[in-house]
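Participant: all I have is the shape, not the residue letters:
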């Protein structure tokens, strides 16, 4: 997808390397070129190359092995679990969800979202903010951000709830396909407006799940910031030890 503003150099480099993994240029289990080789091949600075490699490691495309270098891991595994926040944010039917559409507006993109979308600071994006409620209690605040060109010829800018999910709507209207999601979890104090909507007293933090929804090429199509009252959450995972 072409954006009006070109993504940062490290994002473009990461996308190029990812494309080479997907087309078999860098097969799974092999080493990617060294930092020096990438600097020379692409004419980019070492910090740019390092940042691109870290981005690919974070998203599961590469891994570092001591004494061997940076290894290709192939496409990141997509774990099918019903309680994934990212899947819920993409596939929630606003018209069938208990809660309300709080705001639809063009806003200056938040810094974390700008980085994920590959947009510069102060770029304008569309935000849809939905408050999820259970038995009248606010349980989740979802702020979803969309690049301007993705909004064209859709109903995303409408102040009315969508009939169906955002994913269904975008895939039907824009002829795109969502492929995978990356989730980044952090904790922070909510902004005043966020605290009011969630009914939180002063000093109560929230868990922020930044949901980055991408196509098969790794291009971020949508970013959602899912806020959960931290005093009502408990994260648990079970996994095998190798």
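Facilitator: Arrived safely, thanks for sending. It should be emphasised that the depicted structure is a prediction, and the values quoted were computed from it without experimental measurement.
Participant: and stretch 89-101, how far apart are its ends?
Facilitator: 13 Å (Cα to Cα, to the nearest Å).
Participant: how far off centre is it?
Facilitator: Put simply, stretch 89-101 sits 19 Å off its chain's centre (Cα atoms, centre = their mean, to the nearest Å).
Participant: quick check: buried residues in that stretch?
Facilitator: The neighbour-count check on stretch 89-101 (16 or more other Cβ atoms under 10 Å) flags 89-90, 92, 94, 97, 99, 101 as buried. No exception for glycine: its C-beta is placed from N, CA and C like everyone else's.
Participant: could you dump those to CSV with distance to residue 211 and secondary structure?
Facilitator: As requested, the buried residues of stretch 89-101 are exported to CSV (distance: Cβ to Cβ, whole Å; DSSP: H, G, I helix; E, B strand; the rest coil):
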residue, distance to residue 211, secondary structure
89, 5, helix
90, 8, helix
92, 11, coil
94, 16, helix
97, 16, coil
99, 17, strand
101, 18, strand
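Participant: the domain parsing of this protein - what is it?
Facilitator: 9-72, 85-231 (automatic domain parsing).
Participant: possible to save those as CSV with mean pLDDT?
Facilitator: What follows is those, written out as CSV (pLDDT from 0 to 100):
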stretch, mean pLDDT
domain 9-72, 87
domain 85-231, 91
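Participant: sec struct for residue 224, please.
Facilitator: strand (DSSP: H, G, I helix; E, B strand; the rest coil).
Participant: what of residue 203?
Facilitator: Residue 203 falls in the coil class when you classify it by three-state DSSP.
Participant: so what's the closest residue to it other than its chain neighbours up against?
Facilitator: Nearest residue to residue 203 in three dimensions, chain neighbours excluded: residue 189, at 7.5 Å (Cβ to Cβ, 6 or more residues apart in numbering). For residue 189, the contact set (Cβ atoms under 8 Å, 6 or more residues apart in numbering) comprises 203, 205-206.
Participant: all strands of this structure, in order?
Facilitator: Listed in chain order, the strands of the chain (DSSP state E) span 62-65, 69-72, 99-108, 124-134, 137-146, 180-188, 206-214, 220-229.
Participant: tell me which of those is the most buried.
Facilitator: Of all the strands of the chain, strand 220-229 has the most neighbours on average by mean count of other Cβ atoms under 10 Å, namely a mean of 24.
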